[in-house]
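>>> Dropping a prediction and its sequence here:
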Amino acid sequence: MNSAKKRLLLEKLAEYTEDEKVYRELYGQKSPEKRADFLAQAEGYVREHGLFIPDYSFVKIPEHFTEEMYSSQFPIGRGFDVNLVKHSRYTPVFVYSLSFFEILYVLRGTCGHRLGSEMYTLHRGDVCLISPGVKHTIEVFDDSLILSVHVRKDTFDRTFHTTLSYDNILSDFFIGSLYSRRPPGSILFPETGEEIEDIILEMYSEVDEEDVFSRNLLNNLLTILFARLLRGYRGSAYIAGTPEEAGGDPVRLRILSYIYDHYREADLGAVAGQFHYSAAHCSRMIRAETGYGFSAFLRRIRAERAAAYLTETKRTVADIGMLVGYESPEVFIRAFEKVFGMSPTAYRKRKQGDAAPVREQL
């Protein structure tokens, strides 16, 4: 990002939005009387813009946010894989969780971050990835700038699966978040440098640009972000949280990651041999970590990869079945139906919005 564009973007981010001005004015009031007067004056604005101010009886702050709850003004509300917003300063603190991944980035200043039972201070340059479903809070009561990247959970197999295909702390985090019965709370990359800042700002610029290329550019920029974090900062990254919040067993997660990488040809004996366990013990480890036996877990991985091909390509069902490890189309269709509750063709039709009747291609 060139220096002039970056300067203008930083100036824009530093400006207080109308929502932030309301929050700042309200929570800067010391006198109960002045606070009550301001609440009365601001009620119309709060109703219209949906601000999270619990002083009003009509304000209900959800404990869990899903993609469907975001309006069309946000890319993730229109089906984008990646979204990026500035966290509104002076927003009252409340506990929430998301149905998608959240990546907090401290652009300027600091912020308080409570994750489970632990309270942290995030500093400039910190990148914190948070698993779906994890309860946390963000506290910003000064001029600090915090950006929040949202990533759909169901797009990893379609868009970001290469991130999971290597033996690294990020793949362990995502594998644990997606498949473990005890997912990690978050992973922190502390004090990253200017190259990470530039990628994040470029992503924010794309959200603001919002043209026909934005979706692909956002996906590609996120992939670059992951690669840059691993190249430059994997040595300092760590899982944040108490031992109970630190996620699944590392050895078991490596087994899951290996199956994910080798899903086309994986069999229990080969996986067990790779990690020097008996087949029975390896199967017990997989079940303990995921709640699935080996065959059911492998079927799920294959079905999710097949779903990505169905959504993003025009390959036949038979071809996709072969690609994900099934020699027989009939076996593939039955396996897919066990995972998604519908045939591959029905899944493709629903995802692509194809209204024309389509018969199963064998």
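It's in. Note that the structure is predicted; figures quoted are calculated from it, not measured.

>>> can you count the residues close to the spatially closest residue to Leu221 that is not a sequence neighbour?
Spatial nearest neighbour of Leu221, excluding adjacent residues (C-beta to C-beta, 6 or more residues apart in numbering): Met203 at 4.9 Å. Every residue, glycine included, has its C-beta placed from N, CA and C. Residues lying near Met203 (other C-beta atoms under 10 Å) number 25.

>>> Which of the helices or strands spans Met203?
Using DSSP states H and E, Met203 sits in helix 194-209.

>>> name the helices or strands packed onto that helix?
helix 3-14, strand 82-86, strand 101-108, strand 145-151, helix 214-233 (3 or more C-beta pairs under 8 Å, 6 or more residues apart in numbering; DSSP states H and E).

>>> Would you reformat those as CSV and include distance to Asp37, mean neighbour count and mean pLDDT?
Below are these laid out as CSV (distance: least, C-beta to C-beta, whole Å; neighbours: other C-beta atoms under 10 Å; pLDDT from 0 to 100):
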stretch, distance to Asp37, mean neighbour count, mean pLDDT
helix 3-14, 29, 12, 93
strand 82-86, 29, 22, 91
strand 101-108, 32, 22, 96
strand 145-151, 30, 21, 95
helix 214-233, 43, 18, 92
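
>>> Could you tell me how far the nearest residue to Ser180 once chain neighbours are set aside is located from Ser97?
Once flanking residues are discounted, Ser180 sits nearest to Gly248: 3.8 Å by C-beta to C-beta, 6+ apart. Distance of Gly248 to Ser97, given as C-beta to C-beta, to the nearest Å: 19 Å.

>>> Look at the two and report which has more neighbours.
With neighbours defined as other C-beta under 10 Å, Gly248 and Ser97 compare such that Gly248 has more, 21 against 16.

>>> my guess is the more buried one meets Ala288, correct?
No. Applying C-beta atoms under 8 Å as the test, Gly248 and Ala288 come out as separate, 9.1 Å apart.

>>> tell me the contacts of the residue nearest to Leu221?
82, 84, 149, 218, 221-222, 225 (C-beta atoms under 8 Å, 6 or more residues apart in numbering).

>>> repeat that for 7 Å
Shown in contact with Met203 (C-beta atoms under 7 Å, 6 or more residues apart in numbering): 84, 149, 218, 221.

>>> any chance of those residues in CSV, plus distance to Ile187?
Formatted as CSV, those follow (distance: C-beta to C-beta, whole Å):
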residue, distance to Ile187
Leu84, 18
Val149, 14
Leu218, 21
Leu221, 19
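
>>> circling back: relative to Lys153, how far out is the residue nearest to Ser180?
17 Å.

>>> likewise Val85?
In terms of C-beta to C-beta, Val85 sits 18 Å off from Lys153.

>>> can you pull out the strands in the chain?
64-65, 82-86, 97-98, 101-108, 110-115, 118-123, 127-130, 136-139, 145-151, 186-189, 238-240 (DSSP state E).

>>> Buried residues, the fifth one. List them.
This means strand 110-115. By neighbour count with 16 or more other C-beta atoms under 10 Å, strand 110-115 contains the buried residues 110-111, 113, 115.

>>> and the residue nearest to Arg305 when sequence neighbours are not counted, how many neighbours?
In this structure, Arg305 finds its nearest non-sequential neighbour in Val324, 5.0 Å apart by C-beta to C-beta, 6+ apart. Val324 is flanked by 22 other residues according to other C-beta under 10 Å.
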